[in-house]
Structure formats: C-alpha cells, structure tokens
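Enquirer: no letters, just coordinates:
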C-alpha cells in the first residue's frame, strides 16, 4: 500500500519512514509525487487543518495520505499563536522574530502565569474509503523569559521549557525531545492506526 506524507520537508519524510519501517507501506512525499499545489490551511483547529491537507492530497495522489498540523498554545495569550504559529506576528518575521514578538507580548506576565503547550494533530485519509482518522499529541510546559537556544530545534523551541526539564526544547538532544514532544506522542500512535488501514485494504 502506498502512503503519501504531505510534506516537502525531506527530514520529516525520513523520520516517518524510520518510524513506520515495520509496516508494508511504500512511503513517499509531495516532491516524489510531483505535487506542487499548496493546500490553504483555513481551519480554526490543528485537526481541521491536518484533515484539510490529508483529504486534499489523498485525492490528488489517489492513495492513502498523511498530514499534520501543530503549534504553540499560550494560556496568557488566549491560546495564541495556535494555528497561526508558523505565521504569527507582523509579516516577514523569521523564527527568531516570532519568538521575540511572543516574548514582547508576555513582557508583563509573571513566570507562574506563562503556561503553554505544544499541540499536534495528524490526519490520515483513504480516498477510496472516504475515511479520515486523527491522532493527537501534546506537551505541557511554560514560556521562558528569554531565548535559550542550544542549537537544536526550530520555531518556538528556544522559548519553551517542557514540564519536568530544566532545558528548553532547543537545548534538549533530538532523541530526548522526540520522546516527550507533541509530535512524538502523536506519531507513536501511527503504527496501530495505519495497520487498520492496511487490514481494511486486504
């Protein structure tokens, strides 16, 4: 069975291949399929955006497709940046600029009120069965007072400290981060979910 991972990111594609190596799946990405169309993320939840992408790309490729959406949810900002995490703040900001924007918004918020979590939704869609399944993951923590960049991670990782750790996500080695991260927790559920799709296709 073929499985399209709805990404142009070769690193993400490699991670999915490693995780799902035990399954009888021919895993490929958008570049492999020659798909250049970008599906607009118009949903107001991570699950809605993941579903939009999984369903659209599954029908473009004519096979099972997987898509994810994730972001940072900060309680003191009423859940922002949320689904807008990748494009939060003023236009043209890079990762460092978005982190600075968030820190500025939280400048008057004390440490005990800077609770936050990273959230991830992964959708898998079978265009032949018109079925979509979802799995979720979350990692609780809080927003630091400044960047703590250890050379790992990306996005908001340098300002997010997971509960139970003294390091930011960007300071944790990749294996340690993946074991507790929102995406890691969601991805860990995929083998069982995809096995059901394979069984139904037999």
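Expert: Noted; the coordinates are in hand. Note that the coordinates shown come from a computational prediction; the quantities given were computed from them, not determined experimentally.
Enquirer: and residue 36, how close does it get to residue 17?
Expert: According to C-beta to C-beta, to the nearest Å, residue 36 and residue 17 sit 22 Å apart. Yep, even glycine has a C-beta here, placed from its N, CA and C like the rest.
Enquirer: give the contact list for the residue positioned nearest the centre of the chain.
Expert: For the chain, the residue whose C-alpha lies nearest the mean C-alpha position (C-alpha atoms, centre = their mean) is residue 70; its distance is 3.6 Å. Under the criterion of C-beta atoms under 8 Å, 6 or more residues apart in numbering, the neighbours of residue 70 are 46, 85, 118-121, 182-183.
Enquirer: could you list which of those residues belong to strands?
Expert: Restricting these to those inside strands, with DSSP state E as the criterion, leaves 118-121.
Enquirer: by contact count, what packs against the lowest-mean-pLDDT helix or strand in the chain?
Expert: Taking all helices and strands of the chain together, the one with the lowest average confidence (mean pLDDT, DSSP states H and E) is helix 10-19, at a mean of 80. When contacts are defined as 3 or more C-beta pairs under 8 Å, 6 or more residues apart in numbering; DSSP states H and E, helix 10-19 sits against strand 2-5, strand 26-29, helix 182-187.
Enquirer: now the first one: average pLDDT?
Expert: Looking back up the chat, that one is strand 2-5. Strand 2-5 comes out with an average pLDDT of 95.
Enquirer: the second one too?
Expert: Here the mean pLDDT over strand 26-29 is 95, rounded to a whole number.
Enquirer: show residues contacting the helix or strand just after that strand.
Expert: Using DSSP states H and E, the next helix or strand after strand 26-29 towards the C-terminus is helix 30-33. By C-beta under 8 Å, 6+ apart, the surrounding residues in contact with helix 30-33 are 4-8, 10, 36, 57, 60-61.
Enquirer: let's see it at 6 Å
Expert: Contacts with helix 30-33, where a contact means C-beta atoms under 6 Å, 6 or more residues apart in numbering, come from 8, 61.
Enquirer: likewise stretch 35-54?
Expert: The set of residues that contact stretch 35-54 without belonging to it, under C-beta under 6 Å, 6+ apart, is 6, 56, 60, 65, 67-69, 119, 121, 123, 125, 132, 134.
Enquirer: and if you look at stretch 89-101?
Expert: With C-beta under 6 Å, 6+ apart as the contact definition, stretch 89-101 has outside contacts at 88, 155-156, 159.
Enquirer: which residues in the protein form strands?
Expert: In the chain, the segments counted as strands under DSSP E are 2-5, 26-29, 64-74, 115-126, 131-143, 160-162.
Enquirer: output those strands as JSON lines; include the columns distance to residue 92.
Expert: What follows is these, written out as JSON lines (distance: least, C-beta to C-beta, whole Å):
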{"stretch": "strand 2-5", "distance to residue 92": "29"}
{"stretch": "strand 26-29", "distance to residue 92": "28"}
{"stretch": "strand 64-74", "distance to residue 92": "19"}
{"stretch": "strand 115-126", "distance to residue 92": "24"}
{"stretch": "strand 131-143", "distance to residue 92": "23"}
{"stretch": "strand 160-162", "distance to residue 92": "23"}
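Enquirer: alright, that wraps it up for me.
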